[in-house]
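> Prediction below, plus the sequence it came from.
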Amino acid sequence: MDYGKFRYEQQKKEKEARKNQKIVELKEVWFRVNIEDNDYQTKMRNVVKFLKEGDKVKCSVRFRGREITHASIGQRILDNLAKEVAELCVVERMPKLEGRSMIMILAPKNNT
């Protein structure tokens, strides 16, 4: 067997595999503790759009000043978001307080 021909075939296969792969990006959406309903709906639509495109979404609630004492409100916002987009995604990382922000990561479901 010709080694040059073998290498050429391997390179073609690798190039084809790279062409077909999907690179998953991590998009981020910020929420605030005292977010109004219309703003929440807009950001939720962005989360749905990102998930449908196949990207992971990092949802964060930012606490400013004394808002950090009411971390349960931020937890409630992220839990409601997870319930509303449950048919599109899997919660990869549950809401967790890190410094002055609470972070949750959503990954799109594989529809295969």
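It's in. Numbering: from 1, shown residues only.

> and stretch 11-24, how far from the chain's centre?
Its chain's C-alpha centre and that of stretch 11-24 lie 23 Å apart, by CA atoms, centre = their mean, to the nearest Å.

> same question, stretch 78-90
11 Å.

> Now do the end-to-end distance for that stretch.
With CA to CA, to the nearest Å applied, stretch 78-90 spans 13 Å between its terminal residues.

> hmm, who's touching that stretch?
Residues from elsewhere that reach stretch 78-90, judged by CB atoms under 8 Å, 6 or more residues apart in numbering: 31, 44, 47-48, 51-52, 57, 59, 61, 91, 95, 102, 104, 106-109. Placement of C-beta: from N, CA and C, glycine included.

> how does it look with 10 Å?
Stretch 78-90 is contacted from outside by 29, 31, 40-41, 43-44, 47-48, 50-52, 56-57, 59-61, 91, 94-96, 102-111, using CB atoms under 10 Å, 6 or more residues apart in numbering.

> ok, residue 27 - how many residues close by?
As a burial measure, residue 27 scores 16 neighbours (other CB atoms under 10 Å).

> what's the strand or helix carrying residue 11 in contact with?
In this structure, residue 11 sits in helix 3-20 according to DSSP states H and E. The contact list for helix 3-20, computed with CB under 10 Å, 6+ apart, reads residue 2.

> Beyond that helix, next helix or strand please.
Following helix 3-20 in sequence order, the next helix or strand is strand 26-32 (DSSP H and E).

> Thanks a lot, catch you later.
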